[in-house]
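>>> return atomic coordinates for the entry below.
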Amino acid sequence: MEELIRTFIAVEISKSVRDQISRLEQHLRKEGAKVGWVRPENLHLTLKFLGNVQSVRIEDVVGATQDAVQGIKPFALFFSGLGAFPSLKRPRVIWIGVEEGAVSLGRIQKELEEKLFQRGFAREEREFSPHLTIGRVKSQKGIGGLVSKLEKTQFESEKMRVEQIVVMRSDLKPTGAVYTPLGVCQLV
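Predicted coordinates for the structure are as follows:
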């Protein structure tokens, strides 16, 4: 039986920005809402979620990613602002927005879609909206305090430099997701 690997393509977040977000999460956690906060070491910006991919196709995914980043130079990434999907009124996903670097991320994501499609992978139907997921709401009960805090909290990260795109394996464990790099594609 062919092994299936839960796969996504992402930008890893620098340690200093992860530390900033960890402090933000601690601040938001005080509201006591039922939210699954993303562990700092798992923070990443998803460019493409592929779901279960046959292990023999991982090489295709890495190749498509390498092709997609051809000619794209390293760039600055800066996060700012807090929000929620689908809305702050009924949040399910809590996120931090991308202030600088969105154009480069959009270009890479568009190239990824094209190169992966050429290799037989499905296109994403939703429009790409670059963001950093920091939490997933488990219950709407008692969420009001958190929403109020989200509306009042200002967040700006320091700038980080994006120099590579990573193809990741995601293993879901009882203690949370464990991510393992399958391929690293350098921006030059």
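
>>> show me what the helix or strand containing Arg6 is packed up against.
Element membership for Arg6 (DSSP states H and E) is strand 4-12. With contacts taken as 3 or more CB pairs under 8 Å, 6 or more residues apart in numbering; DSSP states H and E, strand 4-12 sits against strand 44-54, helix 58-68, strand 164-173. C-beta: built from backbone N, CA, C; applies to glycine.

>>> by how many degrees do the shortest one and strand 44-54 diverge?
Think strand 164-173. Interaxial angle, strand 164-173 versus strand 44-54 (axes from the mean of the first three to the mean of the last three CA atoms, to 10 degrees): 60 degrees.

>>> now do the contacts for the residue nearest the centre of the chain.
The centroid of the chain falls nearest to Leu45 when counting by CA atoms, centre = their mean (2.5 Å). Residues near Leu45 by CB atoms under 8 Å, 6 or more residues apart in numbering: 10-11, 13, 77, 98, 105, 130-132.

>>> Leu187 too?
Leu187 neighbours (CB under 8 Å, 6+ apart): 69, 72-75, 162-165.

>>> ok, and the most crowded of those?
Counting neighbours by other CB atoms under 10 Å, the top entry in the contacts of Leu187 is Ile165, with 26 neighbours.

>>> find the nearest non-adjacent residue to that residue, please.
Counting by CB to CB, 6 or more residues apart in numbering, Ile165 lies nearest to Cys185, which is 4.8 Å off, once chain neighbours are set aside.

>>> how far away from the center of its chain is the helix or strand in which the one you found is found?
Using DSSP H and E, the secondary-structure element containing Cys185 is strand 176-186. Offset of strand 176-186 from its chain centre (CA atoms, centre = their mean, to the nearest Å): 12 Å.

>>> remind me, longest helix of the chain?
Across the chain, the longest stretch assigned as helix under DSSP state H is helix 102-118.

>>> in the helix or strand that that one is followed by, which residues are buried?
Next in sequence after helix 102-118, counting helices and strands by DSSP H and E, comes strand 131-137. Residues 131-135, 137 are the ones in strand 131-137 that count as buried (16 or more other CB atoms under 10 Å).

>>> tell me which two in those residues are the farthest apart.
Leu132 and Val137 (15.9 Å; CB to CB).

>>> rewinding a little: in CSV: the contacts of Leu45, plus pLDDT and distance to Trp37.
Output for these, formatted as CSV (pLDDT from 0 to 100; distance: CB to CB, whole Å):
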residue, pLDDT, distance to Trp37
Ala10, 99, 18
Val11, 99, 20
Ile13, 98, 14
Leu77, 98, 21
Val98, 98, 20
Leu105, 98, 23
Pro130, 97, 20
His131, 97, 15
Leu132, 98, 12
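
>>> between those, which sits nearest Glu2?
For these, the nearest to Glu2 is Ala10 (23.9 Å; CB to CB).

>>> thank you kindly, that will do.
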